[in-house]
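Chemist: Provided below for reference: sequence and predicted model.
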Amino acid sequence: GGSADQTTSDGTTSVSGAASEAPTLRLGLTRAITNVHPHKGGSADSQGSIIGSIYEALTKVTVDGEAAPSLAAAWEQLDDLTWTFTIRPDATFSDGTPVTAQDVAWNFEKLLDKEYVGTAGASLRKFTSSVTATSDDTVTFSLAAPAIDLPSRLWNLYIVSPAYAESGANLDLTALGSGPYVLDDLDLENGARLSANPYWTGTRPDFDTVDYLVLASEAQRVAAVQAHEVDIVLNLAPLSTDGLGGDDSTVILEQGAQPFVLAINERKSGSPLAEATVRQALNYATDKQSIIDALLKSAVVPLPGQVLFEPYGEQNPDLSAYPYDPTKARELLSEAGYSDGLQLELDVPSGTYVAAEAAAQAIAAQWAEVGITLTLTVTPFPAWVERQQGDDDQASDLVYINWGGSSPTDLNGKLGPFTSTHIQGHVDAPNYDAFYDQALKATTWEERQTAINEALRVYHDEAHTVFLYASPFTGVVSKSVTWEPRAFRYLYAYEVGRA
Amino acid sequence: MTETLHAATAARGHRPDLEPAPTVLQIRELVVGPRPQGGGAATRNLVDGASLVVHRGEMVGLVGESGSGKTLTALAAADLLPAALQIRGGQVLVDGVDVAPLGRRAARRHLSSSVGIIFQNPTSSLNPRLRIDAQLREALPRGTSRQQRRELTGDLLGQVGVPNVVKTLGAYPHELSGGLNQRVMIAIALARRPGLLIADEPTTALDVSVQAQVLDLIDQLRADLGIGVLLVSHDIGVIADRTSIVSVMSQGRIVETGDTAEVLRSPRHDYTRRLLAAVPQRLAPLRLRSAERDESPVHLEITQARRSFVVRGPAGSRHFTALDGVDLTLRQGQAIGLVGESGSGKTTLARAVVGLERLDSGTIRYQGQDPDELDRAAHRRWRRDVQYVFQDPYSSLDPRLTVQQTLREPLELNHSGLARATVNRRVEELLDEVELPGAFRTRFPSELSGGQRQRVGIARALASDPALIVADEPVSALDLSVQARVLALFGRLRQERALSFLFISHDLTVVRYLCEDLVVLRRGTVVEQGPTETVLRQPAHPYTRSLVDAVPGRALSTLPAPTDALDGVDPATREEGP
Amino acid sequence: MSNATASTAPAGRPSGQLRSPIGVRHLVRRLLTGLIAVWGAITIVFFALYSSNNPVLLLVPPDAPPEETARLTRLYGFDQPVPVQYVKFLGNVVTGSFPDSLRYGQDPLTIALQKVPASLLLGAASLVLGVLVGGLIGYVAATARYAWLRRVPLSIATVADAVPTFFVGMVLILVFAVTLRWVPTMGRGAGGVTGMILPTITLAIAFVPAISRVFRTALLEALRADHVRTAIAKGVSRPMVALRHVVANAVGPTLNVVGIQAGVLLGGAVVTESVFGWPGIGQLSINAVQNRDYPLVIVCVLIIAIGFVLINLVVDVLSVLIEPRLRA
Amino acid sequence: MSTATAVLPELDERPATRVRRPSIGWAGRIGAALLVVIVGVSLLAPLLAGDPLQQDLASILAAPSRAHPLGLDEVGRDVLDRVIWGGRTALSISLTAALIATVLGLALALGSALFGGWVDTLCSRIADVQLAVPTIVLAIVVLAFVGNSFVPIVVVLVLGSWVLTFRVLRGHARTVVEQQYIEAAIVAGAGRSALARRHLLPSVAPLFFVAFTLSASSALMLQASLGFLGLGVQPPRPDWGAMVASGRDALSAAWWVATAPGVAIVLTVLALQLFGDGLAERYLGGARNSEGAR
Ligand SMILES: Nc1ncnc2c1ncn2[C@@H]1O[C@H](COP(=O)(O)OP(=O)(O)OP(=O)(O)O)[C@@H](O)[C@H]1O
Ligand SMILES: Nc1ncnc2c1ncn2[C@@H]1O[C@H](COP(=O)(O)OP(=O)(O)OP(=O)(O)O)[C@@H](O)[C@H]1O
Ligand SMILES: [Mg+2]
Ligand SMILES: [Mg+2]
């Protein structure tokens, strides 16, 4: 069983004092839950963590970023376009029925159906022709394009009981999976209660019941930590962690897995941002380091001139960060004909990213020095999405965003959002698009890395985004529990142990 | 004449020949003033050394102008002064007991069982939220058993002449008429069998006919139960009819006390004399045009006027017919008095005449024409010709306008071409006409007394140089003395200008003074009309008769009439502005 | 006038027997005006919502092709002209069948109704607390013997009136939950009943000032009323005068204000619920707005407006019950 | 000449004195003084305060000191400067909104009172609609969907506060219309416009100012709440509500960041309310005390 290996506590979450016998594990989520649909994806900060605790996918991603067995005990690549996965024999849904290959194939059939509500299949459809049950415990993937990292592309395509799904259950709000927990109670605004799955055959998790609590604002998170109302909470602003920690809890303040950038809208009619020199100027005008030092407590590094960075991505060693050089920025601007300054607009999704508003205001102040007037618009995340997904002219010039994969090998997640075709993106980067496509379809790891390096170089040279810094990975973990921090922020209940 | 008066007073409990009955109330040198507020200097005393005695079985009258301190004296006797006031000196003995040294609780206990008190407005004196039954029970002496209470409440209501006892017990005050509520109040006052009943203007808020009934009841209870009554009133007629002893109050002092008949016949104090002079019963009627009356052209003709109102309540709406086919003809120069009980439709009719109210059906023709059918210019002329004088001199003047602004309004609106100087001259003339000094021009209504305000109201009506004045109870909100002066003003206007008058009043004596013709309205229909004297002497309709009978002050008419009371009011003696 | 009313007084019935306290027609009329208000409310919201973008964009996965957007737009009917959508929408309201919540993927009415009990609980608790405290302050301010007692509590209430609900909530959390740890920061979870304390206080503070001011004024008015003098003259004991004749007569006007304050209560609930994470309709509506969940927003506003109308209807009926003068 | 006539004039009532209105009271005066200070400081912000956008990333969340009496905020801006400039934001928005709302309420109230009938019914129904949706809900919906810049915020605040003026003024205007002096003016020949000009407007004028102050206080409160919920003016423009919200995250580490603007809100709202109550006391015998009574 893939999930059998319980992580042991490392230095960060070492035991201290008497172990809590509290029956319930309390985990903080940072955003209201959208749904718990197994086929609609889900953010690590909200339902992603819940879904991963009640469902299993064929594979899972370990803390180290490797694809590991989960519902599939093993897999095999037969040729460039054919893979087989063998289902774990003791896998059982939480109603007691065994998980069969037919069940898995049914799920993928749904995911590959264009009309299906579950949207997580969208990227799968691009390279998969069909998924069929070839025996009682094997499913076979027939691909349309090579995918050498197929196992790590499957980790969040969860398998729901077909009988349950077809019984008319609302999968947005109820669940029946084969994971270590079952969903007892769900309140999308406030959280969920989980209890141990009686049919779970793997290692029994330490906690029989788990409360996921939505703590949607920084203040709520801080207050909950201070009042000892949660065992683990993530996504605190680095500055808020100052007074926290101590005898009974440990503070996490590390570099996270995803990059922060200011995504650029290059396709707005008449936008100065269509010119590479202007975009480069923006990069030179941004003093990443002082923001990191002031607002992020120096926990992260500036992006090395690319959106991938070690140890979470295939960094191009030849690139390095744009230095802070306002003089150069001003030169580039006047070169582009904007010596009199420039008016730009920056959208900041509110309550979504730690310290985002403060950082945006700091950037606005820095850019003001090279003659760029930056108008901020802080809007709730969904409003922001709506605007960003609209057409080019309606979307904002710039967007403060944390785009990145959900696992170390998730190339689609890590590089996809930066392409010209991405629905939230508004860049015009055909060269990058081509290299990205090559990387996706590569049949060898070397081929893939070469393409990635090229893509990253193009993105850097043409400055298709304003590279900021790695996202901070922050949180507070009570010393009554043990948890090995995951920089991708998934907070799976079964990974938390009693100290 | 003197004999009859004496007989009357004897019947009212004054027994000069016998040992004086025990006193139930004795007020000695009472001083009432504001409670000192935060160490502020002593302010004016509102009652300033009043003394008064009420014996068992006797009805004592307390009379005086408004604000003279009658109510405060009565309240002080029952220890019910408003929180801002206090007794500053003197003594109050109730049933021979000085209440001051008793302490709050004991005083309250003593007073509540020995003094019953009823007030001017019976409906607001009852708790609107409780049924009559509950309010009566509360008044019963402590220690009365449940069973007894149930019986006693019924008995009490029976005693005060409430017709349908069961229904009344279950009713809320707002469901009962004022007269009935006053009876309930009396029942409450009597519940603890007190020796003294204090009645503060018990009938002022009631209809004339109801007034008489309530006063009869009090009188009868006095005789039957032998209680002493302190009857506070500003109505000399009521005092004359009902009391054996009267105290006259002026500016916080009792200026004269004595046998009622004696005081009325030969008032010793100046103030009492003035009070008596202003009594409308004693004004000789104006007689202006009785001879040529029928020849003058018809000025105003009302035919079959009907008007009903939708009265909305939480339980739904119902129709109430205020005017039910009224016919009335007013000739040039004629003054018609319109009388009738409250709610009979007098005001509705008057407002319809001046166009403030629409009729449902019927017509009102002014000089043969329906104002609604007039063209613009003619309509304006009609507007100017027909003017209205309101009952309430307080709310009929805009508090934000000075006297001259108020008077300018009709001048500016109706004669828009007038030069400023002309307007100002007209204002002066108008003030002169209503006997107000020119210096009053710049005053605001709040700086005027009621009588002065009413004069401004009259001047405003005169400003448009009208031909017909409709006056709706123009004097009933005024003090007697003021009332007399305003009536004199109306009389003079009638003499000097060729005005037609529609004069509304519930007071027959007022109408008798001013109008030679009378129309009696009842429930929206005219029940009787004709020359005033005729109608009053030989009322044909029983309703008219009851109205005439109910007029208080029968005793006054037996006094020698000071015939010339108002004839010679001299404009030169009008008051000066400060 | 009084004669006229006397003649229409209800026929004699023994006291104590129940009368219909309020006319059915009156109730119906109030209900109708209430419905008009509700209709107006949701219409405003409808047009506010539909004047903005196409919410379907939210449902479209990032890497979906443009056809996907068009398909979902058609599916949800956002492509139709606004009047058509409006008529359809009114039809939905009347039949109570709304399009599925975009976020919950199910009938928004069910979801919203599930949140109502929590809101009711919070609202009722703070109403009781607010009325008690406000009433007490008003009573003291009107009747206390000492000037400081008449002034100080009322002044505190006046100052409290100037403190925004969110600030109250924030300070209460900092002091009582974080620093003193007497109560939980959140309205639910492990907290149980103790979790209710802070939100209840916060919400109550929002309308204590109004209640105390109005109750004070009503009391002063009732104290001045003639019938109080009658009661004292009758020899009714002081506490009974205070209770039956003064306080009872001051309740009516105060109740009216409670009705008007219902809006404050509901609005305050929105802020309070989201500050404390109280799982009620207020929190749901803010989240629905932030998630651009159109059907759910409409249903939330609908429920809040109906709540307001119902509260006022109840106030109406209560006023008539305690205020016989209002009965015909 | 008879005795009666000689004495009559003397009897003619008590001396008439100019009735003095009650003053706005000590609380009203405190409110007025506070208001003068707040408005004055806001007007003089360019002279009194430094640049509210000036950042010092090196010393964020610095505690109050001589140089920065109220400390620095989460991006190292001077909190005092921001509070002062925030006053300009708060006052400009809420006073504009209150002015529009009061004028609107006045116009509708006068229309209702003068025309009565269906005009009155219509206006009252609209007011009912407005009351049935708590302003904050309406504001959240409108701002979230229409966007939050100056104009929509003002519109929302107007929507939220015109009813107050309307109800108070309508009630008052209706009692005025029922006064006999209005009928007297009609009899004297006044039409609707003359009534409005000569009698109604002067009589509601003081109330207008009362309503304006109280509307301004409720608008300010609402505007602060919107700022707190992130629906106010956009950063970095200083806004009290938004400052409280961002300071709230660091409340236990740097209490001054949230407290200073919070206290500013309370003081300003309080000043407006005290002043408004004072005016109400003076002109109405307490408008807010009888709120909803009519
Ligand atoms: N609570 C009070 N505080 C201050 N002054 C008062 C108070 N009550 C009455 N007064 C004043 O005391 C004086 C006497 O009042 P009182 O009510 O006794 O007059 P009255 O003779 O009964 O007059 P009316 O005939 O109008 O009833 C008046 O000038 C009145 O203004
Ligand atoms: N606008 C109105 N709406 C409803 N009912 C009205 C209205 N005006 C008058 N009424 C009713 O019509 C009836 C007649 O009223 P009106 O004022 O004409 O009587 P009145 O004879 O002048 O009485 P009073 O002597 O009390 O002044 C009363 O019962 C009154 O309640
Ligand atoms: Mg009196
Ligand atoms: Mg009348």
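Modeler: Yep, that arrived. Ligands and ions are numbered 1, 2, ... in the order given.

Chemist: Angles on the backbone of the residue of the stretch 451-578 of chain B found nearest ligand 1, please.
Modeler: Nearest to ligand 1, among the residues of the stretch 451-578 of chain B, is B:D479, at 7.9 Å (Cβ to the nearest ligand atom). The C-beta positions use only the backbone N, C-alpha and C, and glycine is treated the same way. Here is the backbone geometry of B:D479 (degrees, to the nearest 10): phi -60, psi 160.

Chemist: pretty sure it contacts B:E65?
Modeler: Yes. Applying Cβ atoms under 8 Å, one finds B:D479 in contact with B:E65, separated by 5.5 Å.

Chemist: can you pull the contacts of the residue nearest to the spatial centre of chain C?
Modeler: In chain C, the residue lying closest to the centroid (Cα atoms, centre = their mean) is C:A262, at 3.0 Å. Neighbour list for C:A262: C:307-308, C:311-312, C:315 [criterion: Cβ atoms under 8 Å, 6 or more residues apart in numbering or on different chains].

Chemist: hang on, it is in a strand, isn't it?
Modeler: No. Counting by DSSP: H, G, I helix; E, B strand; the rest coil, C:A262 is not part of a strand but helix.

Chemist: Distance of it relative to D:W256?
Modeler: Applying Cβ to Cβ, to the nearest Å, the value for C:A262 to D:W256 is 37 Å.

Chemist: hang on, the earlier thing: and ligand 2, which of the contacts of C:A262 contact it?
Modeler: Among the contacts of C:A262, no residue lies close to ligand 2 (Cβ under 6 Å from any ligand atom).

Chemist: Get me the contact residues on the stretch 251-400 of chain A for chain D.
Modeler: A:290-291, A:293-295, A:350-351, A:355, A:357-358, A:360-362, A:364-365, A:375-378, A:380, A:383 (Cβ under 8 Å from any Cβ of the partner chain).

Chemist: Tell me, how many residues neighbour C:V38?
Modeler: Around C:V38 there are 24 other residues, counting by other Cβ atoms under 10 Å in any protein chain shown.

Chemist: now it, nearest residue through space, not along the chain?
Modeler: Residue nearest to C:V38 in three dimensions, not counting chain neighbours: C:A305, with 4.5 Å by Cβ to Cβ, 6 or more residues apart in numbering or on different chains.

Chemist: Just list the residues touching the one you found, thanks.
Modeler: C:37-38, C:41-42, D:132-133.

Chemist: quick one: which helix or strand includes it?
Modeler: Per DSSP states H and E, C:A305 falls inside helix C:294-322.

Chemist: Any idea how far that helix is from the middle of the chain?
Modeler: Computed by Cα atoms, centre = their mean, to the nearest Å, the separation of helix C:294-322 from the middle of its chain amounts to 7 Å.

Chemist: which residues sit against the helix or strand hosting A:V385?
Modeler: Assessed by DSSP H and E, A:V385 sits inside helix A:381-388. The contact list for helix A:381-388 (Cβ under 8 Å, 6+ apart) reads A:31, A:347-352, A:379, A:394-396, A:399, A:424, C:53-55, C:57-58, C:290-292, D:144-145.

Chemist: try 6 Å this time
Modeler: The contact list for helix A:381-388 (Cβ atoms under 6 Å, 6 or more residues apart in numbering or on different chains) reads A:347, A:349, A:352, A:395, A:424, C:53, C:57-58, C:290-292.

Chemist: What are the buried residues along that helix?
Modeler: Buried positions in helix A:381-388, judged by neighbour count with 16 or more other Cβ atoms under 10 Å in any protein chain shown: A:381-388.

Chemist: same thing with stretch B:513-527?
Modeler: Of the residues in stretch B:513-527, B:513-527 count as buried by neighbour count, 16+ other Cβ under 10 Å.

Chemist: Likewise for stretch B:371-389?
Modeler: Burial within stretch B:371-389, assessed by neighbour count using 16+ other Cβ under 10 Å, is assigned to B:371, B:381-389.

Chemist: same question, stretch A:247-264
Modeler: Neighbour-count burial for stretch A:247-264, counted by 16+ other Cβ under 10 Å, picks out A:249-264.

Chemist: just checking: which of those residues also lie near chain B?
Modeler: Checked against chain B using Cβ under 6 Å from any Cβ of the partner chain, the buried residues of stretch A:247-264 give no members in range.

Chemist: Kindly identify which of those also come near ligand 2.
Modeler: When contact is defined as Cβ under 6 Å from any ligand atom, those do not meet ligand 2 at all.

Chemist: Nearest residue to the residue in the stretch 151-300 of chain C that chain B sits nearest to in space, please, no chain neighbours.
Modeler: Across the stretch 151-300 of chain C, the shortest distance to chain B (Cβ to the nearest Cβ) belongs to C:G235, at 2.7 Å. Of all residues not flanking C:G235 in the chain, B:S112 sits nearest, at 2.7 Å (Cβ to Cβ, 6+ apart).

Chemist: Just confirm yes or no for the longest helix along chain D near chain C.
Modeler: Longest helix in chain D by number of residues (criterion: DSSP state H): helix D:79-115. No. Counting by Cβ under 6 Å from any Cβ, chain C has no neighbours in helix D:79-115; the shortest distance is 11.7 Å.
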